[in-house]
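Colleague: A predicted structure for the sequence below; I have some questions about it.
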Amino acid sequence: MKKTKLRRDQLKPDECFCAHCTGTCCRYSSLPIETPSTWDDSDWDDSDAIRWYLAHGSTLVNVERETWYLVVMTRCTYLTDDNRCRIDLSRPKICLEYATSECEYDDDWMCEKVFEIPEQTWESAEAVLPPRLNPRRRGAALPVIEINGVAHEVQ
Ligand code: SF4
Ligand code: SF4
């Protein structure tokens with residue numbers, strides 16, 4: 001029989017949500033990043049960095065309340081097989097200060113924007129920014145020529 005997830009109003013006074021959770025907050029790390037805003041000034045480098053983050057897999061970039069975050073989807077080394085913290089009392093400050101009253105136990109991960117693959121960064125930039133004066137090749141592989149048996153990309 002499929003187990004249904006305990007709702008917040010079903011929690012008994014002596015219980016903790018973490019005992020009913022699969023350690024959702026321990027399966028990723030997240031950092032705020034610069035908001036890319038233009039094609040051609042240095043901000044574009046931030047957007048290009050986003051493409052680089054996303055090219056590594058197990059990463060995504062999301063936007064919540066207009067702040068951009070890099071999210072690395074990897075489980076914490078201290079999370080046990082039964083989804084508890086192995087270093088409970090000495091866990092990092094960010095974990096100590098994270099309260100179940102505001103945690104993502106019943107969060108459905110709805111964000112303003114989510115980018116999962118590098119190409120989505122270009123699509124988003126093209127949708128919100130004016131046309132580039134000097135467009136770069138968009139994600140396509142560069143042509144390759146061979147010189148003395150060595151392959152070179154044509155820039
Ligand atoms: S703090 Fe919330 S999201 Fe994290 S393990 Fe506990 S119940 Fe789950
Ligand atoms: S240190 Fe403990 S509480 Fe913090 S992310 Fe790892 S398992 Fe979770």
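Modeller: Right, received. Where do you want to start? Ligands and ions are numbered 1, 2, ... in the order given.

Colleague: okay, Y98: pLDDT?
Modeller: Note on Y98: pLDDT of 94.

Colleague: That one looks like it's in a helix, true?
Modeller: No. Under DSSP: H, G, I helix; E, B strand; the rest coil, Y98 sits outside any helix and is assigned coil.

Colleague: my guess is it contacts C25, does it?
Modeller: Yes. Using Cβ atoms under 8 Å, Y98 makes contact with C25 at a distance of 6.3 Å. (Each C-beta comes from the backbone N, C-alpha and C, glycine too.)

Colleague: When those two are compared, which one has more neighbours?
Modeller: Neighbours were counted for Y98 and for C25 using other Cβ atoms under 10 Å; C25 has more, 19 against 15.

Colleague: Check the secondary structure at that one for me.
Modeller: helix.

Colleague: which ones are touching it?
Modeller: With contact set as Cβ atoms under 8 Å, 6 or more residues apart in numbering, C25 has these partners: Y98, C103, E104.

Colleague: ok, now with 6 Å
Modeller: The contact partners of C25, taken as Cβ atoms under 6 Å, 6 or more residues apart in numbering, are C103.

Colleague: and the gap between it and K93?
Modeller: C25 sits 14 Å away from K93, going by Cβ to Cβ, to the nearest Å.

Colleague: got it, and E112?
Modeller: From E112 across to K93, the span is 27 Å (Cβ to Cβ).

Colleague: okay, these two: which has more neighbours?
Modeller: Neighbours per residue, other Cβ under 10 Å: of E112 and K93, the larger number sits with E112, 11 against 7.

Colleague: and the gap between that one and L60?
Modeller: Noted for E112: a distance of 13 Å to L60, by Cβ to Cβ.

Colleague: for C95, same thing?
Modeller: Distance, C95 to L60, using Cβ to Cβ: 21 Å.

Colleague: Same check on D88?
Modeller: 28 Å.

Colleague: now do C103
Modeller: 19 Å.

Colleague: neighbour count winner among the two?
Modeller: Using other Cβ under 10 Å, the more surrounded residue of C103 and L60 is L60, with 20 against 14.

Colleague: Verify the assumption that that one is located in a strand.
Modeller: Yes. Assessed with three-state DSSP, L60 lies in a strand.

Colleague: List the contacts of it.
Modeller: With Cβ under 6 Å, 6+ apart as the criterion, the residues that contact L60 are V71, E116.
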